[in-house]
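Visitor: give me the fold of what follows.
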Amino acid sequence: MTLVIGTDDGVYRASGPSFDDATRELDCGRVMRVRKFAGTDGVFACSKAGLYRSSGGEWTDIEVPREEVYSVLASPDGERLYAGTHPAHLYVSDDSGESWRELEGFQDLPSREEWFTPRHRNEAHIRSLGAHPDAPDRVVAGVEVGGVHVSEDRGENWTERRDGLQDDVHHVLVRGPEEFVASCGDGLYRTRDAGQSWNRLDGALSHRYFREALIHDGRLYAAAARSSPGTWSGADGADGALFVSEDGESFRRDSYPGEPEEVILAWTVEEGTVVAGTNEGRVLVDTDDGWETGGHLPAGIRSLSAV
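Guide: Okay, here's the model as predicted:
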């Protein structure tokens, strides 16, 4: 079991079953997301210092026009590479990152001037990008703070899909061509009509601050803190909680090592096993006997990718 791990202090690589011997491969500061795509060579790391790609140990900055890259997506056919930045601009490469152009239609969305948050220099960023092989021309973008937006023509033109959704979007899980799950700063939402309408999933839950969700074998995993990171201090730390749903509607609360001080921020699946990472650098592994600690990293974990 090998993981590429995006942290507050660069990119690490670790092999299980124990992840205590993780090695830092890229010193680039805070990493927002690490991703690997079927049919596309390499692993990608989005950071405030650029977009990096590794094809076997060496990491290369592939020079997106804006330095702060928060999200990346390879199109299902492998022909296009997208990068979402801070401030919220979207770029595309048709030559595997050799050159980039801006998808200017993203700036034409009616609510564009409303996208900002004081915590991020009164600006917004494209925090999540997704697509599904059954709708290869559809691109889904999640903006913090700005909602979810959808393109039906590979990113050239865009439609707002933010009605009924809280605008502080951290992650959009593209479950199917029309089914998405959005993890937001105030709630967990699902759409089954490509964002035309949204249903709130967390109405009966005690926590509201969600960063990322995962669906594996039909089971929905969603972890949350009581509120935003500015409150993650004191005796209970983040006051984290883990919720699991078998039917996508009702949830049970699972216990895990490190709670409530630590909150799960990242997910991946490796060899059929669900793996999670916390804000305090703990790697968690879902076993037949419940959640177990698989190791510790020296920095908080923000993203995981099995390789």
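
Visitor: which strands and helices sit next to the host helix or strand of Ala224?
Guide: Per DSSP states H and E: Ala224 is located in strand 219-225. Under the contact definition 3 or more Cβ pairs under 8 Å, 6 or more residues apart in numbering; DSSP states H and E, strand 219-225 sits against strand 180-184, strand 209-216, strand 241-245, strand 264-270, strand 273-278. All C-beta spots, glycine's among them, are computed from the backbone N, C-alpha and C.

Visitor: out of those, deepest packed?
Guide: Highest mean neighbour count of these: strand 180-184, a mean of 26 (counted as mean count of other Cβ atoms under 10 Å).

Visitor: partner strands of the helix or strand following it, with direction?
Guide: For strand 180-184, the following helix or strand on the C-terminal side (DSSP H and E) is strand 187-191. Note on strand 187-191: by DSSP bridges, its sheet partners are strand 180-184 (antiparallel), strand 199-200 (antiparallel).

Visitor: export these as JSON lines, with columns for distance to Arg282.
Guide: JSON lines is the format used below for the strands paired with strand 187-191 (distance: least, Cβ to Cβ, whole Å):
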{"stretch": "strand 180-184", "distance to Arg282": "20"}
{"stretch": "strand 199-200", "distance to Arg282": "29"}
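
Visitor: output the ones you listed in a markdown table; the columns should cover distance to Thr2 and mean pLDDT.
Guide: As requested, these are arranged in a markdown table below (distance: least, Cβ to Cβ, whole Å; pLDDT from 0 to 100):
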| stretch | distance to Thr2 | mean pLDDT |
| --- | --- | --- |
| strand 180-184 | 26 | 98 |
| strand 199-200 | 36 | 98 |
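
Visitor: closest one to Ser255 among those?
Guide: Taking Cβ to Cβ, strand 180-184 is the member of those nearest to Ser255, at 20.7 Å.

Visitor: now that closest one - C-alpha only, PDB.
Guide: This file holds the C-alpha atoms of strand 180-184, laid out as PDB (Å, rounded to 0.1, in the frame of the first residue of the first chain):
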ATOM      1  CA  PHE A 180     -22.400  15.100  -7.100                       C
ATOM      2  CA  VAL A 181     -21.700  15.400  -3.300                       C
ATOM      3  CA  ALA A 182     -20.600  18.800  -2.200                       C
ATOM      4  CA  SER A 183     -18.700  19.300   1.100                       C
ATOM      5  CA  CYS A 184     -19.100  22.800   2.300                       C
END
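
Visitor: quick one: that strand to strand 209-216, angle?
Guide: Between strand 180-184 and strand 209-216, the angle comes out at 150 degrees (axes from the mean of the first three to the mean of the last three Cα atoms, to 10 degrees).

Visitor: can you say which of the strands paired with strand 187-191 is nearest to Leu81?
Guide: Using Cβ to Cβ, those put strand 180-184 closest to Leu81, at 21.0 Å.

Visitor: skipping adjacent residues, who's closest to Glu249 in space?
Guide: Leu201 (7.4 Å; Cβ to Cβ, 6 or more residues apart in numbering).

Visitor: could you check how far the one you found is from His207?
Guide: 12 Å (Cβ to Cβ, to the nearest Å).

Visitor: cool, Ser99 as well?
Guide: For Ser99, the distance to His207 - Cβ to Cβ - is 43 Å.

Visitor: and Leu188, by the same measure?
Guide: 9 Å.

Visitor: spit out the residues that contact these two alike.
Guide: By the contact definition Cβ atoms under 8 Å, 6 or more residues apart in numbering, Leu188 and His207 are jointly contacted by Ala224.

Visitor: more neighbours: which of these two?
Guide: Leu188 (26 against 23; other Cβ atoms under 10 Å).

Visitor: who's in contact with that one?
Guide: 181-182, 200-202, 205, 210, 213, 222, 224.

Visitor: redo the residues you listed as a markdown table? Include distance to Val148.
Guide: What follows is the contacts of Leu188, written out as a markdown table (distance: Cβ to Cβ, whole Å):
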| residue | distance to Val148 |
| --- | --- |
| Val181 | 11 |
| Ala182 | 6 |
| Arg200 | 14 |
| Leu201 | 15 |
| Asp202 | 17 |
| Leu205 | 21 |
| Phe210 | 14 |
| Ala213 | 14 |
| Ala222 | 17 |
| Ala224 | 19 |
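
Visitor: fine by me, thanks again.
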